[in-house]
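J.: got a sequence here, can you model it:
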Amino acid sequence: MKKRLQIFCVELIAIATVMFVELGVYFPKEIHLFSGESLSIPKTSPYTLDTAVSGSWNAVGEYEASVMLFGLIPVKKVEVAVEAEKAVIPGGRTVGIKLFTHGLMCVGTEELTGEDGTIVNAEKQADIRGADMILKADDASLHTVEQLGKIVEQSQGKEITLTVERGGEKREVPLTPVKTGEGFRLGIWVRDSTAGIGTVTFIEPETGKFGALGHPITDVDTGAVMPVEQGSIAETEIVDVKKGERGNPGELCGLFDESNTDCGVILKNSSRGIFGVAESAEGFSLVNVPIPIASASQVRAGSATVYANVDGTGIAAYNAEIVKVMKHAADDKNLVVKITDQTLLNRTGGIVQGMSGSPIIQNGKLIGAVTHVFVNDPTRGYGIFIENMLAEAEKIK
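T.: Numbers count the residues shown, from 1 in each chain. Just a heads-up that it's a prediction; the model follows:
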């Protein structure tokens, strides 16, 4: 009898735990929907929302609803925000990305000994570290590596005041260059720009705003997100594909088209991708017409389509599967995506670098973008919800 009671208590605790987790997953404190959408709840769930509110979801507005257990017992209050349906042009086009930083990013330091025995150590003497942004040298705002080099050389060993930013806080620090066999040096390695290839996810037809990548552009040495001073996207030609293999991610190899002007400006580099304004919406999409976007609550495990450009023939649609949906992922890795299209698998092995930003379509709606590949399984990778990318795009004025 005692053993049965213990088993019953364990089972009861397990059921209660599952119910508690389900309550948090399907009914967070704030639920976001677009007009005409309904909140999809598994048929096996013991929870429902009060019908008085759910019948109003065709109307834009904010509502308070009660989560009901077995349709009888109120267990939680939630806020339901209903926005007007949105439609964007899905992307799929690969572009060359050129990004110039706000100031110069420190990517490392080294201790130098001058010809007269004087030592300069930027980290010890001025607390300058990797990922710090060096904004000024004396009164000169810094934009290029060459500019800082000239200022240091012209100092002839006199102290320079550097304006350094870290975590949003600025400070001024003195540092004295030392003379080496290669001229005057500060012992600071800096970077002013980066370039690469990525995929445009969407373009807003009314504003021309675009989003791409679905993840930030980070410095290769420090891993820090590179702050944008200016940047651009340009036409690029895919000339080769390095096929992905287990333990060895592949990549798209492309060339910037130097004969053409930039096709858009980059205004923001964030954890959810790069964002800016395109010169035109032409040529960025397989369909070239707006399609509705789906809120995170509508995304489900199951079949999907990925738009991508992996060769010189342009954008194509490839079959994929949403393996897992993670609505509350803190790092915006909201989806696990598996490539199932044999044509794409033969060409790339699955997801490769350069495909980041490839739009994901499900049930005729844009639901997200491919962002990362699994190193040990190139057929799979992560994706981000499209509503998270659009939230970043809306911050651009």
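J.: use CA for all of it now, contacts and neighbours both
T.: Fine.
J.: so where is the stretch 51-200 of the chain shaky, pLDDT-wise?
T.: Residue ranges of the stretch 51-200 of the chain with pLDDT under 70: 51-58.
J.: how about the strands in it?
T.: For the stretch 51-200 of the chain, the strands defined by DSSP state E, counting those that start in this stretch cover 61-69, 73-83, 87-90, 94-109, 112-113, 119-120, 133-137, 140-141, 160-166, 169-175, 178-180, 183-185, 188-203.
J.: sheet partners, orientation included, of the second one?
T.: This means strand 73-83. Paired neighbours of strand 73-83 in the sheet (DSSP bridges): strand 30-34 (parallel), strand 61-69 (antiparallel).
J.: buried residues, the first one. List them.
T.: Applying a neighbour-count criterion of 16 or more other CA atoms under 10 Å, one finds 31, 32, 33, 34 buried in strand 30-34.
J.: ok, the first one - contacts?
T.: It stands for residue 31. 78, 79, 80, 81, 297 (CA atoms under 8 Å, 6 or more residues apart in numbering).
J.: okay, how far is it across stretch 281-296, tip to tip?
T.: Length of stretch 281-296, first residue to last, CA to CA, to the nearest Å: 25 Å.
J.: close enough to count as contact, residue 104 and residue 147?
T.: No: counting by CA atoms under 8 Å, residue 104 stays clear of residue 147, with 10.2 Å between them.
J.: so which of the two has more stuff around it?
T.: The neighbour comparison of residue 104 against residue 147 (other CA atoms under 10 Å) goes to residue 104, with 27 against 13.
J.: check the gap between the more buried one and residue 130 for me.
T.: With the distance defined as CA to CA, residue 104 ends up 11 Å from residue 130.
J.: cool, residue 300 as well?
T.: Distance, residue 300 to residue 130, by CA to CA: 41 Å.
J.: likewise for residue 270?
T.: If you measure residue 270 against residue 130 using CA to CA, the figure is 19 Å.
J.: same thing with residue 223?
T.: Counting by CA to CA, the separation of residue 223 from residue 130 is 9 Å.
J.: the more surrounded of these two?
T.: Set residue 223 next to residue 130 and count neighbours by other CA under 10 Å: residue 130 wins out with 19 against 12.
J.: what sits against that one?
T.: Applying CA under 8 Å, 6+ apart to residue 130 gives the contacts 105, 106, 107, 108, 109, 222.
J.: how many neighbours does the nearest residue to residue 225 once chain neighbours are set aside have?
T.: Once flanking residues are discounted, residue 225 sits nearest to residue 218: 4.3 Å by CA to CA, 6 or more residues apart in numbering. Residue 218 has 16 neighbouring residues, counting by other CA under 10 Å.
J.: much appreciated, bye for now.
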